[in-house]
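**Student:** here is my input, please return the structure:
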Amino acid sequence: MEARAYLRHARISPRKVGIVLDLIRNQPVEMALAILRHTPKAASEPLEKLLRSAIANATNNHDMDERALYVAECFVTPGPIMKRIRPRAQGRAVRVVKRTSHVTMVLKEKE
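**Tutor:** Got it, this is the predicted structure:
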């Protein structure tokens, strides 16, 4: 039995999210929440919300024990890229890419 939660179109680069996901992979949920709360990265706040959502899904939809949950899988894939133009000198323009992320988190119960 597993519980999933998704975060779609997060306005943060997948590379930045992946660094924080590596910290919480295979951790019990209490430890993962503590790590996210004390990690000074921009991705920590939305990932903490996502983890709390996955915990709520596990307890309410699948009747899983919250104390036995751990982060079984968590990964990030790139979302759509917003392309913007920044004016430069002598009439030129430079493209600015604003990356987005899709994050998936899977919680399972320890046997």
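
**Student:** buried ones in the top helix by length along the chain?
**Tutor:** Assignment by DSSP state H gives helix 44-61 as the longest helix of the chain. Across helix 44-61, burial judged by 16 or more other Cβ atoms under 10 Å covers 44, 46-48, 50-51, 53-55, 57-58. Yep, even glycine has a C-beta here, placed from its N, CA and C like the rest.

**Student:** closest one of those residues to residue 106?
**Tutor:** Proximity of the buried residues of helix 44-61 to residue 106 (Cβ to Cβ) peaks at residue 54, which lies at 7.6 Å.

**Student:** pLDDT at the closest one, what is it?
**Tutor:** Residue 54 is assigned a pLDDT of 96 by the prediction.

**Student:** for it, what are its contacts?
**Tutor:** By Cβ atoms under 8 Å, 6 or more residues apart in numbering, the contact set of residue 54 is 3-5, 105-107.

**Student:** that one and residue 72, how far apart?
**Tutor:** 10 Å (Cβ to Cβ, to the nearest Å).
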